[in-house]
Structure formats: C-alpha cells, structure tokens
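*Asks:* Here is the input, now give the coordinates:
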Amino acid sequence: MKTDRMKNKVLIIFLFFLFCLPASAETLTTWPVDFTEPWDDFSSPFGPRLKASESYRYDFHRGIDIPGDTSDGVHNVKDGTVFRIYTEGGPDSPYPNGGTVVIVRHNFDSTYEFHGAQTRFYSLYMHLDSVAPGLAEDDAISEGDLVGYIGQTGETDYDHLHFEIRVGTTCSLESSCPKGYDPHINPMNFLSHPENNNATGTLEREGDDYAVSVEIPRADLDLNRFWMKATSDDGFSTLTKILDFNLREGVDASTTEAIDTNEYDGILIEPSAFNASTPAEDMKVTFRNMKLTSAGTVKVIVKDVHENILYTKTVSYDDGEEPTPDVDDAQHGKIVKDEKIGYEIKLTYADETIIRINPFKGKKRFKYKITTEDKRVVVTDGKRVRAFQDGVKVSGKKLFKKVPKSKDHIRLQAKKMYKKYNSVIILSVRKKKARVAVLRLTVNNNLRKKRIKKVEVYKNLPTKLKVNTKKDRIRILVGDGINEFQRIWKLSKKGNLKLIE
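*Replies:* From the prediction side, this is the model:
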C-alpha cells in the first residue's frame, strides 16, 4: 500500500515538472563563427549603440556584429532548413543593406514563450562575402555546416558577420508582412557564453529624473532589462518604468526611424561608443519625471537576458522634491558632492563665472533659486533659509524650532520656491496643523520673515498636502484625496499674504 502511494507521489512530481514548470531556454552550443571566444571579438552587441560608420549616431542594433576575414567560415547554429538565400543587389531581397544573406529555419526543442507560444525561429547571416558552394533554398542543413564566408557586402565598411535570431517570423514590425510584434531577439539568449554577472553600476538623481549607469564585461554582453520603481512614504504615488530590449518595452519599434530614437515615453537611453577592442559595454538609462509626493524610496534592478540580476540598488531620499533651479533664472546649476565639505551647489553663469556654495554642511536635500543678473541665490532645507550673493552668505533665517518626529506627520520640507517677488514659500505640518511661511528677499539681500499662517488638518485622516502657485496666488490643498479642503492666499508685491478663500 505504501509502495503504491510512493509511486503515485513520484508520478505527480514527474507530471508537475513535465507540464507545469516553464520550458527552459534554447541553448545553442555552436556559434556562427569558429573563434575560440567569439564574444571577445564583438564590434557591436545587441541593443542600443552608437553607430561608428554613421558618425556615432544612436542606433538600436537588432543583432550582433563579429569582425573577421573573408577566409573565415560562417556556420549554421542548429539543424534546420535553408529558408532563403539573397545575393547582394538581388531585386527580390528585402535586406538591401545586408548584402548577401542566408536565412535558416529551425524548430525549438520545446515551446518558447515570446509574444505567445512559438515553435520555430530563424537564424540570419548577413554581409556574407559568398555563400557555401551548392547551398540552396529548402536544403536540409545540419548544425555546424558551412553557410558562407564573412564579408563586406551591403552597407558596411569592414568585414564582419551580422548575426540575428528572429522568433516566430522573419517579418520585422515595420516590414510589409508584420505579425504584430518585432521578432528580433538577442542571440545571447541562446548562444552559450560565460555567465559572469560581474556588472557594476550607479544610481543618480537630478530633479525628478533618475539615471542608472551600468558597465557590462565583454564576456557577458547580454544586457536586457532595466526596472525602476519609486514609492512615496505617504502612499500617494507609486511609479514604475520598464525598459526591455528583447520585448521592446520602453522602445518604439513601429518604424526604423522610431526605434533609432533614443528617447521614448520618458526613458532616455545613452550608450557609450563600443568596438572590437572596448573592454566593456557602458550604458546609461535615465527615467524622467519620477516625481514623488513625499519622502520615499527608489529601487532599480538591471537584468540580463536570462533574468540574472546584474545590478540592483534601493535608495531613500529625505523628500520627494529634489532641488532643481528654475530654468528661466539659472544658466546652469547642480548639486555636487565634495569629499571634504559635503554637498554644495555649483553654478555656472552666462559669462562663464563659476560659483560654489556650501549652504548646509553635509546636507544633500535642499532647494535653491537663482537670479543671473546679480548672482543671488536663495537656499532652504525646509527649516532654514539662507541668501547668498557671489557665493557669500548675506542673510539667513530660521523658520521652525521643532521638526515633527511622528511618522504620522509629513516631514518638514520646502514645497515651493516662488518665482515672483523674490519670495520663498515653505509648507510643513506638525501636530495636525499645516503651516505656510513666506519670506521675501529684499533689495539689500536681507530675508524678511512674514507671519506664519496655520491651517487645521482633519484628524485621523492620511494627510495629503499640496501647494500650487499661479501668478500671485497660493493654493493649499489639505486632505486624503477624498475629504479635502483648500485655502487660497494672494501674495502682495510687498510679500504679504491675504486669505481670499
């Protein structure tokens, strides 16, 4: 009896592994070239690149390039059937830029998920100098058989093989026979290669933009996916953005012109120049407009084609609004870190004057406003406000004595640097009261503190605070997104506040 039960358990486990687990990816042990370590010879990996032959313009490369000589053979990567052969200049070739091209059709060992369940894929060999003697369409071809020789046919200025894998169809999304998706996939999905996963990376922030930079070793050129999620502590904002080279998420693949544009849907892609002698692939991806409503966290994960994590980092910020200069006022300004004195502001003006200001030692989170005419800077960390001229402190004010400690309270923070009347607007909440303070920078660069306005906040509600400025009006919205009330003040030319609603 026990033996029968054991047999049944074994059978159930076997059926689970057979039918329930996802099929493993196809593995091609034969490369299209005979080189000992072909990845060491890549002149262009799959995905974003700077195309050297066209003055380093941005280009989304949908294959891999391997340089060689016209004596180097090109070999079939898996048993299959010769699907098409196109010779350079042939009138029926859909690949005029590819020169002489051979396409082989293959069957997957098991169903492969890529825009649906797929049973076949195609390997494409381009820029061939010549085709293997006697090779013809519909011929059966074995793994390792000669396809042709590396060449320079088509639009290229050096001898190399451009190798592609297309899943399900040979028709690109922008072709005359589209299937509803772009079939190109990174050949490194299938070609056997070292899985080092030794990438290094950084995560930086400028304003509401987050930039991820990674460096991928040459032996592991299978970079594929960037994932970023920004979450505010107050629960009002969660933003997720994805860039996936294989699935074309974050990329417009509708036309050749569109896919060769490096910014789409708030994602900017900036690859570095790469050639056969470059030791690593460098890629910078900037996710724009990841604005949070409060303090929060940002997490980034970078993966390869096999879902291995190449780089990941989670960071916290003191507030959800990174300091950025008003574009109408500042020629150039950014926060930089000095190893000795901490974070400071580096300003570059139209006359090429450079000013460095260290407003709050060691603090990274602050807001600043700049005027180019007299090189004045007003800086606040939400608790204090300081004014500088030509990099020298001329005035300062402390706004609030106590900082809220309870997690139920929104952290004290600067919400707006008002553009008109040289005024600074501060919004905070403590002990269930919202507070608004206005300071005016006078002609002689002194800060004049105005009376602090207080607004009762609904009790026992998640607090949502917003401040908007339009012309000479300030609108404060308080509530939880459902139960809300607002106050509107008018700001006079002297910097005084008058409640009008």
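
*Asks:* So which residues of the stretch 251-400 of the chain form helices?
*Replies:* 256-259 (DSSP state H, counting those that start in this stretch).

*Asks:* Actually, the chain.
*Replies:* 2-15, 256-259 (DSSP state H).

*Asks:* Grab the nearest non-local neighbour of G154.
*Replies:* Spatial nearest neighbour of G154, excluding adjacent residues (CB to CB, 6 or more residues apart in numbering): G99 at 2.8 Å. C-betas here are computed from N, CA, C, even on glycine.

*Asks:* Test my guess that that neighbour contacts T156.
*Replies:* Yes. The pair G99 / T156 is scored as a contact, 7.3 Å apart, by CB atoms under 8 Å.

*Asks:* joint contacts of the two?
*Replies:* H127 (CB atoms under 8 Å, 6 or more residues apart in numbering).

*Asks:* Between those two, which is the more surrounded one?
*Replies:* G99 (23 against 17; other CB atoms under 10 Å).

*Asks:* measure that one to S53 for me?
*Replies:* Separation of G99 from S53 (CB to CB, to the nearest Å) stands at 14 Å.

*Asks:* what touches both of those two?
*Replies:* Joint contacts of G99 and S53 (CB under 8 Å, 6+ apart) are T156.

*Asks:* need the contact list for C171.
*Replies:* Contacts of C171 by CB under 8 Å, 6+ apart are C177, P178, K179, P183.

*Asks:* Which pLDDT value goes with the residue nearest to it when sequence neighbours are not counted?
*Replies:* Distances taken as CB to CB, 6+ apart place C177 nearest to C171, at 4.1 Å, with adjacent residues excluded. On the pLDDT scale, C177 is placed at 82.

*Asks:* distance of C177 from Y95?
*Replies:* Relative to Y95, C177 is positioned 13 Å away (CB to CB).

*Asks:* These two: who's more crowded?
*Replies:* Y95 (19 against 9).

*Asks:* Tell me the spacing between that one and R84.
*Replies:* Distance from Y95 to R84, by CB to CB: 9 Å.

*Asks:* Y264 too?
*Replies:* Y264 is 31 Å from R84, by CB to CB.

*Asks:* One more: I64?
*Replies:* 20 Å.

*Asks:* When these two are compared, which one has more neighbours?
*Replies:* Between I64 and R84, I64 has the larger neighbour count (other CB under 10 Å), namely 25 against 18.

*Asks:* right, and that one touches D41 too?
*Replies:* No. Counting by CB under 8 Å, I64 does not reach D41; the two are 10.1 Å apart.

*Asks:* The helices of the chain: lowest mean pLDDT?
*Replies:* Taking the mean pLDDT of these, helix 2-15 comes last: a mean of 45.

*Asks:* Give me the neighbour count for F226.
*Replies:* When neighbours are counted by other CB under 10 Å, F226 comes out with 25.

*Asks:* Next up, the contacts around it.
*Replies:* Here F226 is in contact with V212, I242, L243, D244, G250, V285, V300, I301, V302 (CB under 8 Å, 6+ apart).

*Asks:* Quick one, grab the pLDDT at N496.
*Replies:* At N496, pLDDT is 63.

*Asks:* picking that back up, which of the contacts of F226 fall in strands?
*Replies:* Assigned to strands by DSSP state E, the following of the contacts of F226 qualify: V212, I242, L243, D244, V285, V300, I301, V302.

*Asks:* Closest to D138 out of those?
*Replies:* For the ones in strands among the contacts of F226, the closest approach to D138 (CB to CB) belongs to D244, at 35.3 Å.

*Asks:* how about the strands in the stretch 51-200 of the chain?
*Replies:* 57-61, 64-67, 73-75, 80-86, 100-113, 117-131, 140-141, 146-150, 160-167, 184-185, 200-206 (DSSP state E, counting those that start in this stretch).

*Asks:* What average pLDDT does the longest one get?
*Replies:* This predicted structure assigns strand 117-131 an average pLDDT of 96.

*Asks:* And the first one, by the same measure?
*Replies:* Strand 57-61 shows a mean pLDDT of 94.

*Asks:* quick one: contacts of it?
*Replies:* By CB under 8 Å, 6+ apart, strand 57-61 touches 44-51, 251, 253, 259-262, 269, 271.

*Asks:* What residues sit buried inside it?
*Replies:* Buried residues in strand 57-61, counted by 16 or more other CB atoms under 10 Å: Y58, D59, F60, H61.

*Asks:* Of the residues you listed, which is the nearest to N289?
*Replies:* Y58 (20.9 Å).

*Asks:* which residues does that closest one bridge with?
*Replies:* Partner residues in beta bridges with Y58, using DSSP bridges, are L50.

*Asks:* Please report how far it lies from L268.
*Replies:* In terms of CB to CB, Y58 sits 10 Å off from L268.

*Asks:* Common neighbours of these two, please.
*Replies:* N262.

*Asks:* wait, what's in contact with the closest residue in space to N196 that isn't next to it in sequence?
*Replies:* In this structure, N196 finds its nearest non-sequential neighbour in D220, 4.5 Å apart by CB to CB, 6+ apart. Going by CB under 8 Å, 6+ apart, D220 touches W39, H193, P194, E195, N196, N197, N198, A199, D304.

*Asks:* Filter these down to just the buried residues.
*Replies:* W39, H193, N197, A199, D304.

*Asks:* Among those, find the lowest-pLDDT one for me.
*Replies:* Lowest-confidence member of those: N197, scoring 72 (pLDDT).

*Asks:* what number of residues lie near F42?
*Replies:* Under the criterion other CB under 10 Å, the count of neighbours that F42 has is 21.

*Asks:* Report the contact partners of it.
*Replies:* I64, D65, I66, R218, L221, A276.

*Asks:* would you list the buried residues of strand 57-61 in TSV and tack on distance to F226?
*Replies:* Putting the buried residues of strand 57-61 into TSV (distance: CB to CB, whole Å) gives the following:
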residue	distance to F226
Y58	16
D59	18
F60	15
H61	17
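
*Asks:* Domains in the protein, by residue range?
*Replies:* The chain breaks down by automatic domain parsing into domains covering 23-189, 200-317, 333-499.

*Asks:* Span of stretch 360-368 from start to end?
*Replies:* 12 Å (CA to CA, to the nearest Å).

*Asks:* where does the stretch 351-500 of the chain dip in pLDDT?
*Replies:* 351-352, 362-365, 367, 369-374, 382, 399-445, 448-487, 489, 491-497 (pLDDT under 70).

*Asks:* quick one: which of the buried ones among the contacts of D220 is nearest to R384?
*Replies:* Nearest to R384 among the buried ones among the contacts of D220, with distances taken as CB to CB, is A199, at 40.9 Å.

*Asks:* Now for the closest one: which residues touch it?
*Replies:* By CB under 8 Å, 6+ apart, the neighbours of A199 are V214, E215, I216, P217, D220, L223, V302, L310, Y311.
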